[in-house]
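**Student:** Turn this into a model:
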Amino acid sequence: MSFTKVMILRLIFFKIEFILQSMSKFCFQFFLFSLIALTVGCGSTKEIVLQTMEPSPVHISQKIKRIGIVNRSIRPEVEEDETGLNRMVAAEEQWLLEQGRNAALTGLFNELLKDNRFETIKILDSVPQEILHFEMVNDSISWTSVENICNAYDVDAIFSMAFFDTETTVSIKKTSMMQPNLMRVKVKVPAQELTLETLIENGWKIYYPKSKEIIDEIVFNDQIISKGKGTNPLEAYKAIEGRKETLVEQSKATGSNYGQRLLPFENSVERSYFVRGTTNFEQACVLVENGDWQGASQLWEKELDNSNSKIAGRACYNMAVMHEINGDLTAAMDWASKSYKDHKNKNAMEYLDILKYRSFQNQILEQQVSR
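**Tutor:** Modelled structure (predicted):
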């Protein structure tokens, strides 16, 4: 229920309470609950969920058949003056940077192998770093370098890991824990809880030298929180289990997610349809809830020529929804247009725009899946 509706209801309830304050508590509550049920249940439309197939947000040219993957991320300098716990965390951070990069590249590589649009997928781990120098203006690999790489390794486009960075925040707080004493009896002892919050940032770019176009660029951010308890910070650090494995798996998932971003995906959208106006609308609502769209459409067809233009417009609108459900967007747009133009149904104008956009997206989708 909308916020405005809620506020109106509250005002009504306060006024009713003032007028009916002489009523018994039971009768008054019964009256209020009845009013709520009446208000909520009197809507003229109901919502349904429709599963749609959406095109990938990244449009890859049909001329791109061979892919080269490069790691252009720069390794940060290691701090040498760290000691104790911070030194251990910093050492693990360096390990993660190396393993995380490789895992992310592998994740992307594995996903691209599943994409039948591409004939060849290569991880170009032998490209000299000096060739991957970037332009300071936009932090991208120069087009001269991109063309040289494509020519040298016989690929059409470059998928570049633009950067892979990790940053860990360390925090410690006092707590307690159960620990065996000399008699091997567990007792509560003072302890410290160590929390490591690691932020992983992973950026990708796709270079297409033929049109000198950066087809896509995106940054993924993931956070991993690890905790451990011990009698001192070092013991708490040692008590953390599976942190390395979790961070590497998350890094691999980042590369995999980017590969999946290049594919069409399923989406859930809501559509409304009219359920009030005549007995036919009410009966059709029952049929829709039971999955009988054909039966419902037969009842709506009986209202298409209703002398009440509002009712006829609702019937046209519902016919549009039915055709979209059945996958016929052309017929759906025709019915939505009729509902708006012939019967001035304002909802139909917005719905028609949605259908036109879906039709445009479907054209892109057909290009992506027809390769």
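**Student:** how many other residues sit next to V321?
**Tutor:** By other Cβ atoms under 10 Å, 25 other residues sit near V321. Yep, even glycine has a C-beta here, placed from its N, CA and C like the rest.
**Student:** typed the wrong thing, it's T330
**Tutor:** Close neighbours of T330, defined as other Cβ under 10 Å, add up to 9.
**Student:** and the residue lying closest to it once chain neighbours are set aside, what does it touch?
**Tutor:** Among residues not flanking T330 along the chain, S359 sits closest, at 7.7 Å (Cβ to Cβ, 6 or more residues apart in numbering). Shown in contact with S359 (Cβ atoms under 8 Å, 6 or more residues apart in numbering): L329, T330, M333.
**Student:** Double-check N347 against A320; I have them as touching.
**Tutor:** No: with contact defined as Cβ atoms under 8 Å, N347 does not reach A320; the gap is 10.2 Å.
**Student:** Between those two, point out the one with more neighbours.
**Tutor:** Set N347 next to A320 and count neighbours by other Cβ under 10 Å: A320 wins out with 29 against 17.
**Student:** The more buried one should be in a strand, yeah?
**Tutor:** No: counting by DSSP: H, G, I helix; E, B strand; the rest coil, A320 falls outside a strand, being helix.
**Student:** how about it, what does it touch?
**Tutor:** By Cβ under 8 Å, 6+ apart, the contact list for A320 reads A331, A332, M333, D334, W335, A336, S339, A348, Y351, L355.
**Student:** Out of the residues you listed, which sit inside helices?
**Tutor:** Of these, the ones assigned to helices by DSSP state H are A331, A332, M333, D334, W335, A336, S339, A348, Y351, L355.
**Student:** Please tell me how far the closest residue to the third one other than its chain neighbours sits from T175.
**Tutor:** Closest residue to M333 in three dimensions, ignoring its sequence neighbours and counting by Cβ to Cβ, 6+ apart: L355, at 4.8 Å. Using Cβ to Cβ, to the nearest Å, one obtains 58 Å as the distance from L355 to T175.
**Student:** try S339
**Tutor:** For S339, the distance to T175 equals 64 Å [Cβ to Cβ].
**Student:** higher neighbour count, those two?
**Tutor:** Counted by other Cβ under 10 Å, S339 and T175 do not tie: S339 has more neighbours, with 26 against 12.
**Student:** would you turn the contacts of S359 into TSV with pLDDT and distance to D115?
**Tutor:** Listed next are the contacts of S359 as TSV, based on pLDDT from 0 to 100; distance: Cβ to Cβ, whole Å:
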residue	pLDDT	distance to D115
L329	96	27
T330	96	30
M333	97	32
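**Student:** mean confidence for the top helix by length along the chain?
**Tutor:** Longest among the helix segments of the chain by residue count, using DSSP H, is helix 84-113. Mean pLDDT, helix 84-113: 88.
**Student:** counting contacts, what elements does it pack onto?
**Tutor:** On a contact count with 3 or more Cβ pairs under 8 Å, 6 or more residues apart in numbering; DSSP states H and E, helix 84-113 meets strand 66-71, strand 120-123, strand 157-180, strand 186-208, helix 233-238, helix 243-261.
**Student:** now the angle from the last one to strand 186-208?
**Tutor:** Using axes from the mean of the first three to the mean of the last three Cα atoms, to 10 degrees, the inter-axis angle of helix 243-261 relative to strand 186-208 is 30 degrees.
**Student:** coming back round to it: tell me the most packed of the contacts of A320, by neighbour count.
**Tutor:** For the contacts of A320, the largest number of neighbours (other Cβ under 10 Å) sits with A336, at 28 neighbours.
**Student:** For that one, which residues are in contact?
**Tutor:** Applying Cβ under 8 Å, 6+ apart, the residues near A336 are C316, Y317, A320, A348, Y351, L352, L355.
**Student:** Kindly report the same for F265.
**Tutor:** M53, E54, S56.
**Student:** Filter those down to the ones in strands?
**Tutor:** Among these, DSSP state E puts M53, E54 in strands.
**Student:** Neighbour count for the contacts of F265 - can I get that in TSV?
**Tutor:** As requested, the contacts of F265 are exported to TSV (neighbours: other Cβ atoms under 10 Å):
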residue	neighbour count
M53	12
E54	15
S56	17
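**Student:** Can you tell me which of the contacts of F265 is nearest Q250?
**Tutor:** Comparing those against Q250 with Cβ to Cβ places S56 closest, at 23.0 Å.
**Student:** That closest one is in contact with Q368, isn't it?
**Tutor:** Yes: contact criterion Cβ under 8 Å: S56 and Q368 qualify, at 5.9 Å.
**Student:** Give me the common contacts of the two.
**Tutor:** P264.
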